[in-house]
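Student: Here is the input, now give the coordinates:
(2 chains)
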Amino acid sequence: MDTLRPPTRILPLHRSRTTPFCCATPTDQRPIRSADMAYPFHEIEPKWQEHWEEHQTFRTPDEIPDDEEKVYVLDMFPYPSGSGLHVGHPEGYTATDIVARYKRMQGVNVLHPIGWDAFGLPAEQYALKTNTHPRETTRENINQFREQLKRLGFSYDWQREVNTTDPDYYKWTQWIFLKLYEKGLAYQSEEPVWWCEELGTVLANEEVIDGKSERGGYPCERVPMRQWVLKITEYADRLLEGLDDLDWPESTKEMQRNWIGRSEGANVHFDLVGVDDSLDVYTTRPDTLFGATYMVLAPEHNLVDEITTDQHRAEVEAYCEEARRKSERERKAQKGEKTGVFTGGYAVNPVNGEEIPVWVADYVLTSYGTGAIMAVPAHDERDYAFAEKFGLPIREVVEGGNVTEEAYTDDGPHVNSANEDVSLNGLHNDEAIDAIVEWLEEKGRGERSVNYQLQDWLFSRQRYWGEPFPIVFTEDGEDKPVPEEELPVTLPDLETFEPSGTPEGPLSTIEDWVNTTDPKTGEPAKRETNTMPQWAGSCWYYLRFIDPENDDQLVDPEKEQYWMPVDLYVGGSEHAVLHLLYARFWHKVLYDAGVVSTKEPFQTLVHQGMILGEKEYTAFVDEDGQYVSVEHVEGGVDTRTGKEVERTELDEDEVEKDGDVFVLNDRPDVRVNARSHKMSKSRGNVINPDDVVDEYGADTLRLYEMFMGPLEQDKPWSTDDVEGVHRFLNRAWRLLIDDDSGEPTVTDDDPSRDQLRELHQTIEAVTTDIENLDFNTAIAAMMEFVNAANKWDTMPRATAEPFVLLLSPFAPHLAEELWARLGHDDSLAHEDWPEYEEELLQREVVEMAVQVNGTVRGTIEVDADADEDDVLTSAKEDENVARHLDGKDTQREIYVPGQIVNFVTG
RNA sequence: GCCCGAGUGGCGGAAUUGGCAGACGCGACGGAUUCAAAAUCCGUUGGUGCUUACGCACCGUGAGGGUUCAAGUCCCUCCUCGGGCACCA
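Tutor: From the prediction side, this is the model:
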């Protein structure tokens, strides 16, 4: 067998087409297009963007109209990173823009704002590297983002732009913090932070990997520090219940439910042998109390010391010390493999007086429940594994499994579960739980209890680029709030962004700022030098858009009542838990404070899917230049020979499909990978939206991103498909505009019945599709209209104009230009949205399928109002149908008007 | 391991309540136009087989079974991929 040389070309990862085609020269390898084939988007897009700005077309008036329907359409505002907009941004933004424009045309009062979530780590890290003030880079990045968004023609009310780093904005972030503080929902606690000696700074969790700094790989350690913590757990139940009425993706609600992690169970108090203290445990299975054969404390539990006997002390201390050194990640990585030591101490089981040994093991977490458990190995998998390893007894108390083999965690009748007072024997889980909890409560040995996985929110960061806390400390260390009228506490300038060298954070180095006085007493005081996390500003920005310039209030209550809640909120699913949970928490606090009138901020939530890179076909080649089929490759190595292999990109036409897999054309035995990957710089498959706008125009980018597929789905980019959408816009243009003269080609003829039906079908499809956010099929419907209309002899104005209006939310620049050329002086942004007439949708003659025994054997055309008998008669007359019915006994005739006829024979 | 979501042509994807699977777009192929190309326009395009032809038959929505006159859609079992959680007592 001869050897096929793999192509030497390792690239291209994707076809780069950054040259505007008007400038293309004949020497280009790529297809050359002449400038005059395309509609002049280079001219009309900037023209209309200026027009909208100049005429304030999308300004939402401050005054509240008396009785006008409203809709609040919101995008998750961006973090303005230095790398600018990526193609993922315009996806969600175009979706909301279509809805906003559509609703405006329906006469609805629309709020559609945008702003900047501009505090945060990257700006600060950039400052560290270049000694540029984050304020500078932030301003530059915002300017870039704003310009990029404007180039895409989004209909934001730019007068309402907010910026979380603006003192006029963060004044109110601080104000909300004061509300939390006043209500006792903000408290201080010693919590560990990651401190890196080498870098002289505190690091965020995500900057520390396996106990080493992400940058430099220096060792980091957990040091306890005074921190601000928000009591989100107090709202756990309300955050859980509130989810029920929200129109959110079910998966997102489920993630929040899991995150909150509510469970019902009981606390049980165990006496300790020879120690004057009791040990509390939380369990969801108090019914298995009779099966408890040992106890386990988390290594950090504060009774460990007391309970440990001298004989076991050295071993226990060594174990706890080792557990402390392990990072959380390491502890989790060894999941399954149980470790632990016996303390020498015993606890007394309250139900039977039995003395059971107390162990220390790191499979019990200090952060959940009481940090201690009763172990019931027969009915808990973790306890089972531990008991087996250390030879502890396993006692069955629930029947149904085989506890000599594995733990049985399901329901079943209880056994071996009785004392003089109470018997659970024969009861099933739920009844047994009720019975034993009742007994425990009666005896004062325990009580019902609810637990959450949700923990309080660690709210401070040892950073510069964030909101300062409105808190000062008097000399005796007491914390005092800065009075409302002195807000904002502004962020001072820094001269150098070098790490402070202490875990306190950069602000602690600015003495003028740190040293202040107690506003009440005038005594010397020091400012809090921590800053708030990036989540703070994004927790409430949707409220500020309603009343962005209000100096006296966070938001005017009347305006708030009119605009809230947000009717449509679109953003990435990466925020499914944190941002969306934190914002809901603050909203509920503000609700309790009487600042807002709704219990939930975001009524309908949609996550746009991720846009992946162009589809890639990848083969593997070993060092001898031989292709290696993908099923033999694992971790960059040919598993049969152990030789290293290299990835090679292939062109689409070098591969073909063979069954379920792709193989090389010339070597069908060599399977290749065919998939799309997340866009990333390292992979080199990033599409820059600016390039797409340069080459095809903003309308094409908008339309393409909506045409790719369902909004919520992940979808691969395809440059060929971009061109297809661009061709559609060109066809729509030429449908109405004469290429040579630039004049419209419409006539004043009355549209025919067919033309009207075509139009009204399109109106119906586009309208219902926008309502359902099915933008891809809305565009398909408009394509069908253009395909049909291209065959018409005339284009009556009465069909052309509604079509332009339908197109306008999707391709607003093109639509405005067409509208103007059709002779209108004003923007179409506030024209009435076309409405369809039911009767114009109907056809006089409909096509129906005729089946014999469920298989289509012919189609017939019948009058739309024909009755059943007539239809059945003409169905039987169809030649092919008659052939299949010939000589058979028709037993049933199924008739579904307008759709299908089915003859069932014996 | 647990909880969600998804598997449809060469590709992205369509398909109210079960009612003609493959809309629309891409790609491919053929044709018109052109000195030639690009652009544009027209046509064909799920697979297999049969037919001089109009056409006809069979197969086909991850796999297997079921319900039904009729299943991409409903039910059961299983497989694969994606996402989330993961010693939560």
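Student: pLDDT score assigned to whatever residue of the stretch 651-800 of chain A ends up closest to RNA strand B?
Tutor: With Cβ to the nearest atom of the strand as the measure, residue A:724 is the residue of the stretch 651-800 of chain A nearest to RNA strand B, at 2.4 Å. Glycine gets a C-beta too; all of them are placed from N, C-alpha and C. For residue A:724, the model assigns a pLDDT of 94.
Student: RNA strand B contacts on the stretch 651-800 of chain A?
Tutor: A:652, A:657, A:707-710, A:713-716, A:718, A:720-721, A:723-725, A:727-728, A:730-731, A:774, A:776-777, A:779-780, A:783-784, A:787, A:790-791 (Cβ under 7 Å from any atom of the strand).
Student: same for the helix or strand hosting the residue of the stretch 651-800 of chain A closest to RNA strand B, what does it pack against?
Tutor: For residue A:724, the host element (DSSP states H and E) is helix A:719-736. Judged by 3 or more Cβ pairs under 8 Å, 6 or more residues apart in numbering; DSSP states H and E, the packing partners of helix A:719-736 are helix A:689-696, helix A:698-707, helix A:775-789, helix A:797-807, helix A:812-821.
Student: repeat that with 10 Å
Tutor: helix A:41-55, helix A:689-696, helix A:698-707, helix A:775-789, helix A:797-807, helix A:812-821 (3 or more Cβ pairs under 10 Å, 6 or more residues apart in numbering; DSSP states H and E).
Student: in chain A, which helix or strand is least confident?
Tutor: helix A:328-333 (a mean of 61; mean pLDDT, DSSP states H and E).
Student: pLDDT score for residue A:37?
Tutor: pLDDT for residue A:37: 58.
Student: Repeat that for residue A:208.
Tutor: pLDDT, residue A:208: 70.
Student: Just say helix, strand or coil for residue A:227.
Tutor: strand (DSSP: H, G, I helix; E, B strand; the rest coil).
Student: Tell me both backbone torsions, phi and psi, for the closest residue to it other than its chain neighbours.
Tutor: Excluding the flanking residues, the one nearest residue A:227 by Cβ to Cβ, 6 or more residues apart in numbering is residue A:191, at 4.4 Å. Per-residue torsions, residue A:191: phi -130, psi 150 (degrees, to the nearest 10).
Student: do residue A:570 as well
Tutor: According to degrees, to the nearest 10, residue A:570 has phi -120, psi 130.
Student: Then residue A:348?
Tutor: Per degrees, to the nearest 10, the backbone of residue A:348 is at phi -110, psi 120.
Student: That one and residue A:356 touch, don't they?
Tutor: Yes: in this structure, residue A:348 is within contact of residue A:356 by Cβ atoms under 10 Å, at 7.9 Å.
Student: Next, show the common contact partners of these two.
Tutor: A:270, A:273 (Cβ atoms under 10 Å, 6 or more residues apart in numbering).
Student: Compute the number of surrounding residues for whichever residue of the stretch 101-250 of chain A sits closest to RNA strand B.
Tutor: In the stretch 101-250 of chain A, the residue that lies nearest RNA strand B is residue A:250 (5.6 Å; Cβ to the nearest atom of the strand). By other Cβ atoms under 10 Å, 8 other residues sit near residue A:250.
Student: ditto for residue A:255
Tutor: Count around residue A:255 with other Cβ under 10 Å applied: 16.
Student: dump the residue contacts of it.
Tutor: Here residue A:255 is in contact with A:249, A:573, A:576, A:577, A:580, A:581 (criterion: Cβ under 10 Å, 6+ apart).
Student: got those as CSV, with secondary structure, neighbour count and pLDDT columns?
Tutor: Below are the contacts of residue A:255 laid out as CSV (DSSP: H, G, I helix; E, B strand; the rest coil; neighbours: other Cβ atoms under 10 Å; pLDDT from 0 to 100):
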residue, secondary structure, neighbour count, pLDDT
A:249, coil, 15, 91
A:573, helix, 18, 90
A:576, coil, 21, 87
A:577, coil, 15, 88
A:580, helix, 23, 94
A:581, helix, 22, 94
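Student: Residue A:514: which of those is nearest?
Tutor: For the contacts of residue A:255, the residue nearest residue A:514 by Cβ to Cβ is residue A:581; the value is 33.0 Å.
Student: With respect to burial, which of the helices and strands packed on helix A:719-736 scores highest?
Tutor: helix A:698-707 (a mean of 26; mean count of other Cβ atoms under 10 Å).
Student: Check which helix or strand the closest residue to residue A:273 other than its chain neighbours maps to.
Tutor: Counting by Cβ to Cβ, 6+ apart, residue A:273 lies nearest to residue A:346, which is 4.1 Å off, once chain neighbours are set aside. Residue A:346 is located in strand A:341-348, with elements delineated by DSSP H and E.
Student: chain center to the next helix or strand after that strand, what's the gap?
Tutor: Once the chain leaves strand A:341-348, the next helix or strand it forms, by DSSP H and E, is strand A:355-360. Relative to the centre of its chain, strand A:355-360 is centred 45 Å away, using Cα atoms, centre = their mean, to the nearest Å.
Student: Listing partners with orientation, what would you give for strand A:355-360?
Tutor: Partner strands for strand A:355-360, per DSSP bridges, with pairing direction: strand A:294-297 (parallel), strand A:341-348 (antiparallel).
Student: ok, is it in contact with RNA strand B or not?
Tutor: No: figure legend: strand A:355-360 not in contact with RNA strand B (Cβ under 7 Å from any atom of the strand); closest approach 12.4 Å.
Student: Can I get that strand in CSV, CA atoms only?
Tutor: In CSV, the C-alpha atoms belonging to strand A:355-360 read as follows (Å, rounded to 0.1, in the frame of the first residue of the first chain):
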residue,chain,number,x,y,z
GLU,A,355,-21.1,4.5,73.1
ILE,A,356,-19.7,4.9,69.6
PRO,A,357,-16.2,6.0,68.6
VAL,A,358,-15.5,9.5,67.3
TRP,A,359,-13.2,9.9,64.3
VAL,A,360,-11.7,12.8,62.5
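Student: Now it: average pLDDT?
Tutor: On average, strand A:355-360 scores 95.
Student: Buried ones in that strand, by neighbour count?
Tutor: A:356, A:357, A:358, A:359, A:360 (16 or more other Cβ atoms under 10 Å).
Student: Report the next helix or strand after that strand in sequence order.
Tutor: Following strand A:355-360 toward the C-terminus (DSSP H and E): strand A:372-375.
Student: does RNA strand B sit close to that next one?
Tutor: Yes: Strand A:372-375 lies within reach of RNA strand B by Cβ under 7 Å from any atom of the strand, at A:373, A:374.
Student: Within the sheet, what are the partner strands of that strand, with directions?
Tutor: When DSSP bridges is applied, strand A:372-375 pairs with strand A:294-297 (antiparallel).
Student: Residue A:631 is in contact with residue A:661, isn't it?
Tutor: Yes: counting by Cβ under 10 Å, residue A:631 does reach residue A:661; the two are 8.9 Å apart.
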